[in-house]
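Undergrad: Build the 3D model from these lines:
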Amino acid sequence: MSGKHWAIKHWAILVLVLAATACGTTHENSGQGASTSARACRGQDGEYTIGVSQANLGEPYRKQMNDDIARAARQYPQFTVEFADAQQDNAKQVADVENFLTRRIDLLIISPNEATPLTAVVKKAYDKGIPVLVLDRKVDGDAYTQWIGADNVDIGRQAGQYLADEILPHGGKIAEIRGLAGSTPAKERQDGFAKGIEGRGIDIVTTVDGDWLREKAQQQADAIFKAHPEIQAVYAQNDPMAEGAYLAAKAAGLVPRVKFLGIDGLPIPPGGIKAVEAGRLEATFVYPTGGREAVASAKSILLDCAKPPKTQLLPTQLVTRANAAEVYAKANR
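TA: Below you'll find the model as predicted:
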């Protein structure tokens with residue numbers, strides 16, 4: 001073989017090798033979404049293990065999310081769902097996800113405790129070709145298959161407008177109780193609320209962190225009312241914290257003068273809708289768990305071999321005493 005023919009032959013082989021390598025690399029790292037992975041979808045006849053990494057089970061909202069996922073998954077005999085509780089511990093949640101990856105789950109559903117500490121392990125799962133559905137709270141970047149949740153900035157804005165229009169139309173002094181500082185809903189609900197009360201004469205006298213938990217919010221509110229007895233209303237970023245603040249105000253003899261506003265509106269007996277109906281809260285906003293929607297997306301990805309949209313935005317609704325009974329009944333049909 002001449003030197004010219006030898007060079008052409010080996011050049012062709014090199015091109016084929018490089019092309020094959022590029023194709024393999026592209027499938028892993030193209031960012032097309034793990035939903036397009038051939039390994040992810042085996043169709044209706046496949047059997048699939050779904051790992052659910054929950055931020056904590058101390059919040060009724062998160063327990064309801066898990067219940068919604070489990071209930072929705074029962075209609076698909078192909079699905080086995082396994083749950084892990086991070087207990088508000090970022091390191092534990094990272095370990096929980098690593099454990100799921102070691103056990104080769106087919107799809108990950110995660111509600112991150114905090115965004116930044118969970119970003120790398122979520123990306124690791126996604127880069128391995130595992131479909132990742134992020135519920136409610138977010139991670140940094142876009143290395144996931146789909147985010148499912150409501151618009152927390154808009155919910156915060158609506159809460160601010162309601163407080164300014166209906167609770168303190170002439171302005172006044174309030175306290176704000178935030179959720180866990182590193183979780184995205186805490187910042188978004190705070191930012192939205194600030195927009196909603198802008199220019200309305202509402203003075204946020206103090207802002208404290210309740211970490212989404214009723215007991216901690218009750219302790220924080222007790223200190224607030226002692227330091228600032230002039231407080232007229234409390235905006236809490238979820239219903240359990242609003243209920244905790246209500247209990248502190250009741251113990252201090254400030255009920256019904258001080259008013260309370262929450263978010264979540266769970267349609268269960270101890271949830272925010274019933275708290276509004278009973279008069280403990282002035283209003284709440286329905287914040288869907290996304291559990292049923294996550295299972296529907298899992299079905300689309302794993303059984304139908306379809307690619308879901310990057311974002312699935314869920315609706316919200318204002319709940320007041322005027323419509324609480326109706327909203328509760330409709331949600332439980």
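
Undergrad: how about low-confidence regions in the protein?
TA: Scanning the chain with the threshold set as pLDDT under 70 gives 1-39.

Undergrad: And the strands in the stretch 1-150 of the chain?
TA: Residue ranges of the strands in the stretch 1-150 of the chain, as given by DSSP state E, counting those that start in this stretch, are 48-54, 79-85, 107-110, 132-135, 146-149.

Undergrad: Now stretch 62-70: buried residues?
TA: Neighbour-count burial for stretch 62-70 flags 62, 63, 64, 65, 66, 68, 69 (criterion: 16 or more other Cβ atoms under 10 Å). The way it works is simple: take the backbone N, C-alpha and C, and place the C-beta from them, glycine included.

Undergrad: Tell me how far the nearest residue to residue 302 once chain neighbours are set aside lies from residue 204.
TA: Taking Cβ to Cβ, 6 or more residues apart in numbering as the measure, residue 302 lies nearest to residue 48, with 5.0 Å between them; neighbours along the chain are not counted. Distance, residue 48 to residue 204, by Cβ to Cβ, to the nearest Å: 47 Å.

Undergrad: These two: who's more crowded?
TA: Ranked by neighbour count (other Cβ atoms under 10 Å), residue 48 and residue 204 place residue 48 first, with 21 against 14.

Undergrad: show me the contacts for the more buried one.
TA: If you count contacts by Cβ atoms under 8 Å, 6 or more residues apart in numbering, residue 48 has them with 42, 78, 79, 80, 106, 107, 298, 302.

Undergrad: re the thing from before, looking at the buried residues of stretch 62-70, which is nearest residue 190?
TA: Here the nearest of the buried residues of stretch 62-70 to residue 190, counting by Cβ to Cβ, is residue 62; it sits at 20.1 Å.

Undergrad: circling back: could I get the strands of the stretch 1-150 of the chain as a markdown table with distance to residue 166?
TA: Written out in a markdown table, the entries for these read as follows (distance: least, Cβ to Cβ, whole Å):
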| stretch | distance to residue 166 |
| --- | --- |
| strand 48-54 | 34 |
| strand 79-85 | 37 |
| strand 107-110 | 36 |
| strand 132-135 | 31 |
| strand 146-149 | 26 |
